[in-house]
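Enquirer: Need a 3D model of the following:
(one chain, ligands or ions: 2)
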Amino acid sequence: MILTLKADATKPQIDSVLKKIKELGFTPHTTHGKEMTIIGVIGENAILSRDIFEAMDGVESVAPISKPYKLVSREFKKENTVIDLGHGVLIGADRVIVMAGPCSVDTKERLLYTAQAVKEAGARVLRGGAFKPRTSPYAFQGHGEKALRFLAEVRKQTGLPVVTEVMNVNDVKLVEEYADIIQVGARNVQNFDLLKAVGKTKRPILLKRGMSTTIQEWLLSAEYVMSNGNYNVILCERGIRTFETSTRFTMDLNAVPVLRHLTHLPIIVDPSHGVGIREYIPALAKAAVAVGADGLMLEVHPKPEEALSDGPQSLLPEQFAKLMGELRAVALAVGRTL
Ligand code: PEP
Ligand code: MN
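Expert: Residues are numbered from 1 along each chain as shown. Ligands and ions are numbered 1, 2, ... in the order given. As a prediction, this is how the structure comes out:
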C-alpha cells in the first residue's frame, strides 16, 4: 500500500510512521517526490493495516497498490525515474541514450578503437561482455576479469561509463567494482538469487527481458531488485521467442508503451539481439526510438567476422555512425534529443 504524507508533515511524524511500519513487520520504501513524500509499505497483506496508518498524524492518504509488483508500478511513483550515471549521463530524461560496443570484449586495442568510434558517433555508454551466457558450452565464454579490466581502462581513456553482464551471484562484487551499470541478461531474468544479490549493490541494474517472459513476470523480476534496496533499474526489451524464424527473436516493441503505462522505470531496447541480423537492425533501432524508448543497446565491432560472439548482428562503426544520424532525426520528431 502507499502512504502519501501531508506536505507539512514534520520529521517526528514521519519517523513515527516509519517506526510503526517496521513494528508491524513491513518494509518502508520512501520516495521524496517534487511535491510530496510517499512511503511504500511492502509486505504480505499490508493493506489490512490501512486503518492504523490512516489515523496517524502526518498521513494524508492511504491507498492500495492493485498490481502484484509494487515499487516498480506507476501507482507507487507517478514521475518517471531518471538514473544519473555520472559522466553527465542521465537515463530516462529527454536525451535518448545509446549504449554501444562489442558483444564480447576481445582485445584491449579493439575495445578502445570501438569505444572511440561509438563515442565519436554519439554513444554515451560503452557495452562489452566479460562473462558470456552462451547456449553452447563449447562457445567462447568471455574473458572474465581480464575483460573487466579492459573495460575500466577504456572508460578511463574515453570517459564512457560501461555496462557489462553478471551471470552469477559469486561474481556480483567483482562486477560491481568495475561496472557503471550491471547487466542481468535475458537468461537470468528469473534467477531470483541473482536479482536479490544485484538488488543489494549500489550500481544501476540493466534488466533484460527474458525471451519467454511476460511483461508482468519481467516487472516482478524488477521488483526483486527494488525490494532489496536498489531503486535504479533500467528495463531492456531484447526480443521474445515466437513462431517466427526469419529473425533471431521477435522484437516486442509493444512492450515500450505498455511499460510506460505500468512503470516509472526507464525503458531501453536492444535491437541487436532482438533481430540478430545486421541489415535489419537500423530499421528496428529507429522504430524503438519512435515508439518512445529512453535508450538503445547496440552491438558494434570493427571486424565482425573475427568477433568472439554475435558477429552477424554487429554493426560496423561506420554503419553505426550513419544510423546515429538517422536516429537523431527520429528522436527530434518525437520530442527528444540524442
Ligand atoms: C548481451 O547483451 O550480450 C546478451 C547476451 O544479451 P541477452 O541477454 O539479451 O541475450
Ligand atoms: Mn551479444
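Enquirer: Longest helix in this protein, please.
Expert: As assigned by DSSP state H, the longest helix anywhere in the chain is helix 317-333.
Enquirer: what sits up against that one?
Expert: Residues from elsewhere that reach helix 317-333 (Cβ atoms under 8 Å, 6 or more residues apart in numbering): 96, 98, 100, 114, 117-118, 120-123, 278, 281-282, 285-286, 289-290, 296, 298, 300, 302, 315, 337-338. No exception for glycine: its C-beta is placed from N, CA and C like everyone else's.
Enquirer: Generate a PyMOL selection restricted to the buried entries among these.
Expert: This is how PyMOL selects the buried members of the contacts of helix 317-333, with burial counted by 16 or more other Cβ atoms under 10 Å:
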select buried, resi 96+98+100+114+117+118+121+122+123+278+281+282+285+286+289+296+298+300+315+338
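Enquirer: Among the contacts of helix 317-333, which ones are in strands?
Expert: Counting by DSSP state E, the contacts of helix 317-333 place 98, 100, 296, 298 in strands.
Enquirer: mind listing what the second one touches?
Expert: Residue 100 makes contact with 118, 121, 123, 125-127, 297-300, 320, according to Cβ under 8 Å, 6+ apart.
Enquirer: quick one: it and residue 198, what's the gap?
Expert: Distance from residue 100 to residue 198, counting by Cβ to Cβ, to the nearest Å: 23 Å.
Enquirer: Tell me the residues of the stretch 1-150 of the chain that contact ligand 1?
Expert: 103, 129, 133 (Cβ under 6 Å from any ligand atom).
Enquirer: ok, the residue in the stretch 51-200 of the chain that ligand 1 sits nearest to - contacts?
Expert: Ligand 1 sits closest to residue 185 of the stretch 51-200 of the chain, with a gap of 3.0 Å, by Cβ to the nearest ligand atom. Residues in contact with residue 185 (Cβ under 8 Å, 6+ apart) are 133, 165, 167, 208.
Enquirer: mind exporting the longest helix of the chain as CSV, just the C-alpha atoms?
Expert: Taking C-alpha atoms only, helix 317-333 is exported to CSV below (Å, rounded to 0.1, in the frame of the first residue of the first chain):
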residue,chain,number,x,y,z
PRO,A,317,31.5,1.5,-36.8
GLU,A,318,30.6,3.4,-40.0
GLN,A,319,27.1,1.8,-40.1
PHE,A,320,26.7,2.7,-36.5
ALA,A,321,27.6,6.4,-37.2
LYS,A,322,25.2,6.5,-40.2
LEU,A,323,22.4,5.1,-38.0
MET,A,324,23.1,7.6,-35.2
GLY,A,325,22.5,10.4,-37.7
GLU,A,326,19.1,8.9,-38.7
LEU,A,327,18.2,8.2,-35.0
ARG,A,328,18.8,11.9,-34.2
ALA,A,329,16.1,12.9,-36.7
VAL,A,330,13.7,10.3,-35.3
ALA,A,331,14.4,11.5,-31.7
LEU,A,332,13.7,15.1,-32.7
ALA,A,333,10.4,14.0,-34.4
